[in-house]
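> this one's sequence-less:
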Ligand SMILES: [Zn+2]
């Protein structure tokens, strides 16, 4: 068994973009309920997410962007930044907790208190560019966590894996042409946010998949494209943008993965991290909108992280 931290915060349930919005507080409740129903809760080291500090956020986002976002937070009601992405009075606190979860995850893993960590948080982050909130995202949680590992812990090479159905344009924006970071991703293409397929940056290993792509195609990319490049790169820590909207039951996308694929890829990554990165993995929730498929997929991911 591997020691795995489970980091979340009740503030993450309070961010609410409207009752019909698919990126809803019910997502985190579905994950919690399923973990409890499966009798797995006790196997994880539970931590409350701290608030990310301005200094930690500013490693990725300019202070002017952070301040502008803070000033737009409403006292009442909902303010739309774009048709998909909206602020409510609790968004600021939730967004700071989501980014702070990744910071704590890095600190716990680097201190050797746990081998790996999962952040069950929202709002998600991988669409947030350095100066642009979009696609339900405000701060790029995984980029802030990776920057913390590089800047505060002095690591020199980290890999970011992104298996969300959407391209992590924000993470690419944060680390494009940064030789300390290798980003390996799959995503449906052409599809929101319509980026990634034409990336010319040498540290971006983006593999677009056509609508309808299934387990076999996904596993082939992981084994034949991601792993050889990851082995060559020898990262000291692995980050996972863990979106589960490529699940076949998720109506947000049109890929055909199952929870078995999430268990498989997590096993593969855990074994790879054990070989080259002292087992260090920090995973943070991105998408996943079918509540049942999300809860089962996160549970499969967590079982594999913790070798349960
Ligand atoms: Zn997504």
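Sure, I can see it. Quick caveat, the model's predicted, so the values are computed rather than measured.
> when you work out contacts or count neighbours from here on, use the C-alpha atoms and nothing else.
OK.
> show me the biggest strand of this protein in terms of residues.
Taking DSSP state E as the assignment, the strand of the chain that covers the most residues is strand 181-188.
> other residues contacting that one?
Residues from elsewhere that reach strand 181-188 (Cα atoms under 8 Å, 6 or more residues apart in numbering): 157-168, 172, 175, 203-211, 218, 226, 230, 233, 253-255.
> same question, stretch 26-36
Stretch 26-36 is contacted from outside by 13, 41, 120-122, 288-289, 291-292, 294-296, 298-299, using Cα under 8 Å, 6+ apart.
> so how far is that stretch off the chain centroid?
With Cα atoms, centre = their mean, to the nearest Å as the basis, stretch 26-36 stands 17 Å off its chain's centre.
> one more: stretch 11-25?
17 Å.
> average pLDDT for the longest strand of the chain?
Strand 181-188 comes out with an average pLDDT of 98.
> quick one: is that strand near the ion?
No. Strand 181-188 lies apart from the ion when judged by Cα under 5 Å from the ion; the minimum separation is 8.7 Å.
> that strand pairs with which strands, and in what direction?
strand 158-162 (parallel), strand 204-209 (parallel) (DSSP bridges).
> can you list the buried residues in the shortest one?
Right, the one you point to is strand 158-162. Going by neighbour count (16 or more other Cα atoms under 10 Å), the buried part of strand 158-162 is 158, 159, 160, 161, 162.
> need the contact partners of that strand.
For strand 158-162, the external contacting residues (Cα under 8 Å, 6+ apart) are 146, 150, 168, 180-186, 230, 235-243.
> find the nearest non-adjacent residue to the spatially most central residue of the chain, please.
With distances taken as Cα atoms, centre = their mean, the chain has residue 241 as the residue nearest its mean C-alpha position (2.8 Å). Distances taken as Cα to Cα, 6 or more residues apart in numbering place residue 162 nearest to residue 241, at 4.6 Å, with adjacent residues excluded.
> related to what we said a few turns ago, in the buried residues of strand 158-162, find the pair that's most separated.
By the measure Cα to Cα, 158 and 162 form the most distant pair in the buried residues of strand 158-162, at 13.2 Å.
> just give the closest residue to residue 103, not the sequence neighbours.
residue 145 is the one closest to residue 103 (Cα to Cα, 6+ apart), at 5.2 Å.
> for the one you found, grab phi and psi.
Here is the backbone geometry of residue 145 (degrees, to the nearest 10): phi -70, psi -40.
> mind checking pLDDT for the closest residue in space to residue 188 that isn't next to it in sequence?
Counting by Cα to Cα, 6+ apart, residue 188 lies nearest to residue 209, which is 4.8 Å off, once chain neighbours are set aside. Note on residue 209: pLDDT of 98.
> does residue 209 touch residue 189 like I think?
Yes. In this structure, residue 209 is within contact of residue 189 by Cα atoms under 8 Å, at 5.7 Å.
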